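Undergrad: structure for the following, please:
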Amino acid sequence: MNLVPDLAAHPERSRGRARPEHDEDPRGPRDIFQRDAFSRDAFSRDRDRIIHSVGFRRLRHKTQVFVAPDGDHFRVRLTHSIEVAQIGRTIARALGLNEDLTEALCLAHDLGHPPFGHGGEDALTAALAGAGGFDHNAHGLRLVTKLETPYPDFDGLNLSWEALEGLAKHNGPVTAPNWAMAEANAEFDLELDGWPGLEAQVAAIADDIAYDNHDVDDGLRAGIIDLAELIEVPMAARHWRAIGSRHPDIAPERRQRALVRDQIGTMVGDVLAETRRRVAEAGVATIDEVRAAGRALVGFSAGLAEEEQALKAFLTDRLYNSQQLVPVRKEAQRVVANLAAAYRADPKLLPEAWRVDGDAIAQLRSIADFIAGMTDRFALRRHEELVGPVHLPDRF
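TA: Numbers count the residues shown, from 1 in each chain. Alright, predicted model coming up:
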């Protein structure tokens with residue numbers, strides 16, 4: 001059962017793009033709105049622009065959990081983003097929302113991450129303490145509105161208002177925007193203090209579902225998460241028992257994979273039921289009413305939300321803060337901090353395009369832009385060239 005159709009984002013009702021465009025270049029059978037199977041609407045154009053961006057390609061060498069992993073089967077930011085898009089599109093389709101916009105937001109939600117994930121972000125935040133700090137969500141918006149430059153007439157990807165709103169607010173209203181988000185918002189008012197449309201809310205919950213479960217999968221594969229401890233967590237425990245009942249002779253490795261798959265299915269089903277309940281309870285009939293609802297309309301039920309928080313707490317304790325990964329995170333933070341210090345001490349070490357004359361704050365922010373764009377392996381290589389050796393364990 002779909003939601004009321006008017007709750008979906010419609011290209012013909014889009015608030016448009018910040019800069020006008022003219023379809024004079026040879027771009028194939030593309031139209032601003034989707035008219036037939038061979039054309040592209042505004043939101044699928046947004047998705048395509050994200051996929052073809054430099055920032056998106058760099059995600060294949062950026063940390064998800066493990067720094068520059070040498071195992072072919074571990075997730076990186078790129079594979080995580082693709083998995084989020086798959087889950088998000090499934091939810092959007094079931095709810096009758098705009099699938100292209102949802103997919104675009106899912107694919108782009110981590111574009112602003114620096115090398116080494118949240119550890120790298122913490123180091124950049126400290127390095128920019130005197131220049132407004134660093135926030136990966138705001139930097140993602142900065143990337144698509146300013147730093148990506150594939151077009152001759154303007155900076156950025158010139159995404160639709162709805163796509164930019166979703167990137168800025170997919171985690172909810174932004175009441176205290178940092179400098180990067182405030183700059184982007186000044187050029188195209190995204191109404192930061194309100195809730196976003198449902199497609200952005202779906203992208204946020206799809207992110208949670210993806211990393212909750214795929215980090216479990218990677219943690220088990222790496223031997224950091226202990227299976228016996230995992231299946232004491234309420235959500236994992238009930239699924240583990242159910243799989244064993246259905247398949248009593250299943251091999252342990254297959255049972256682990258079934259656990260991840262079944263948890264994803266349960267979480268998606270819960271989101272669908274709970275979202276329909278909340279929408280009916282709120283009585284919203286238009287996107288503007290969704291934005292004015294004052295709360296998230298996409299989410300888990302109270303019972304599953306409690307189980308999901310317990311799973312997150314387990315992952316924080318047993319994986320993210322494990323004795324194997326904490327030293328890796330500290331070394332990664334040292335790399336980012338040292339690079340920022342080196343470039344600040346001698347801006348001539350930067351490529352010429354990233355040097356800013358005369359304005360110390362602008363130069364520091366440009367240094368952060370440059371570092372944030374680095375992949376894990378490029379940052380490691382630059383540190384070895386400019387500062388000295390990096391001491392990371394071979395596996396992580």
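Undergrad: use CA for all of it now, contacts and neighbours both
TA: Will do.
Undergrad: list phi and psi for residue 76.
TA: Backbone torsions of residue 76, given as degrees, to the nearest 10, read phi -130, psi 180.
Undergrad: next one, pLDDT for it please.
TA: Note on residue 76: pLDDT of 90.
Undergrad: report the beta-bridge partners for it.
TA: Here residue 76 sits in beta bridges with residue 63, going by DSSP bridges.
Undergrad: and residue 331, how far from residue 324?
TA: Separation of residue 331 from residue 324 (CA to CA, to the nearest Å): 12 Å.
Undergrad: of these two, give the one with the bigger neighbour count.
TA: With neighbours defined as other CA atoms under 10 Å, residue 331 and residue 324 compare such that residue 331 has more, 19 against 15.
Undergrad: burial measure for residue 182, as a count.
TA: By other CA under 10 Å, 17 other residues sit near residue 182.
Undergrad: so it: helix, strand or coil?
TA: Classification of residue 182 by DSSP: H, G, I helix; E, B strand; the rest coil places it in helix.
Undergrad: where does pLDDT dip in the protein?
TA: Scanning the chain with the threshold set as pLDDT under 70 gives 1, 4-5, 22-40, 68-71, 394-396.
Undergrad: if we go to 80?
TA: The model of the chain has pLDDT under 80 over residues 1-5, 22-41, 66-73, 358, 393-396.
Undergrad: longest single helix anywhere in it?
TA: Determined from DSSP state H, the single longest helix within the chain is helix 252-282.
Undergrad: so after that helix, what's the next helix or strand?
TA: helix 287-291 (DSSP states H and E).
Undergrad: list the contacts of that following helix.
TA: For helix 287-291, the external contacting residues (CA atoms under 8 Å, 6 or more residues apart in numbering) are 6, 7, 8, 9, 194, 195, 196, 197, 198, 284, 297.
Undergrad: repeat for stretch 267-286
TA: Defining contact as CA under 8 Å, 6+ apart, one finds that stretch 267-286 is touched by 3-4, 6-7, 87, 91, 94-95, 209, 290, 293, 297-301, 304.
Undergrad: what about the helices in the stretch 251-396 of the chain?
TA: Along the stretch 251-396 of the chain, counting by DSSP state H, counting those that start in this stretch, helices occupy 252-282, 287-291, 302-315, 326-345, 360-372, 376-386.
Undergrad: buried stuff in the shortest one?
TA: Using 16 or more other CA atoms under 10 Å as the test for burial, helix 287-291 gives 287, 290, 291.
Undergrad: also the first one?
TA: For helix 252-282, a neighbour-count test (16+ other CA under 10 Å) marks 255-256, 258-260, 262-264, 267-268, 270-276, 278-279 as buried.
Undergrad: then stretch 118-133?
TA: Neighbour-count burial for stretch 118-133, counted by 16+ other CA under 10 Å, picks out 118-125, 127-128, 131-133.
Undergrad: I'd like to know how many residues surround residue 9.
TA: Around residue 9 there are 23 other residues, counting by other CA under 10 Å.
Undergrad: that one and residue 285, how far apart?
TA: Noted for residue 9: a distance of 12 Å to residue 285, by CA to CA.
Undergrad: residue 157 against residue 144, yeah?
TA: Yes. In this structure residue 157 lies within contact range of residue 144 using CA atoms under 8 Å: 5.3 Å.
Undergrad: who's in contact with residue 352?
TA: The contact partners of residue 352, by CA under 8 Å, 6+ apart, come to none.
Undergrad: from residue 152, how far out is it?
TA: As judged by CA to CA, residue 352 and residue 152 stand 20 Å apart.
Undergrad: cool, and residue 263?
TA: Using CA to CA, residue 263 is found at 46 Å from residue 152.
Undergrad: again, but for residue 282
TA: The value you get for residue 282 to residue 152, if CA to CA is used, is 45 Å.
Undergrad: one more: residue 293?
TA: 40 Å.
Undergrad: which of those two has more neighbours?
TA: Taking other CA under 10 Å, residue 293 and residue 152 do not tie; residue 293 has more neighbours (17 against 6).
Undergrad: residue 348: which of the buried residues of helix 287-291 is nearest?
TA: For residue 348, the nearest member of these is residue 291. The distance, counting by CA to CA, is 46.4 Å.
Undergrad: what's the closest non-adjacent residue to the closest one?
TA: Nearest-residue entry for residue 291: residue 195, 4.7 Å, with adjacent residues in sequence omitted and distances by CA to CA, 6 or more residues apart in numbering.
Undergrad: dump the residue contacts of residue 160.
TA: By CA under 8 Å, 6+ apart, the residues touching residue 160 are 14, 15, 16, 17, 18, 42, 43, 46.
Undergrad: quick one, the longest helix of the chain and helix 302-315 angle?
TA: Per axes from the mean of the first three to the mean of the last three CA atoms, to 10 degrees, the angle that helix 252-282 makes with helix 302-315 is 140 degrees.
Undergrad: let me see the ranges of the strands in this protein.
TA: Under the criterion DSSP state E, the chain contains no strands.
Undergrad: returning to that earlier point: may I see the buried residues of stretch 118-133 arranged in TSV, with distance to residue 237 as well?
TA: Converted to TSV, these look like this (distance: CA to CA, whole Å):
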residue	distance to residue 237
118	29
119	31
120	34
121	34
122	34
123	37
124	38
125	38
127	42
128	43
131	47
132	44
133	41
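Undergrad: which one of the residues you listed is nearest to residue 233?
TA: residue 118 (24.7 Å).
Undergrad: can you give me the helices in the stretch 1-150 of the chain?
TA: Ranges of helices in the stretch 1-150 of the chain, per DSSP H, counting those that start in this stretch, are 42-51, 54-58, 77-95, 99-108, 117-127, 136-142.
Undergrad: between those, which gets nearest to residue 315?
TA: Closest among those, using CA to CA: helix 117-127, at 14.6 Å.
Undergrad: now what about that closest one, what contacts it?
TA: Under CA under 8 Å, 6+ apart, the answer for helix 117-127 is 62-65, 113-115, 133-136, 329-330, 332-334, 336-337, 340-341, 368.
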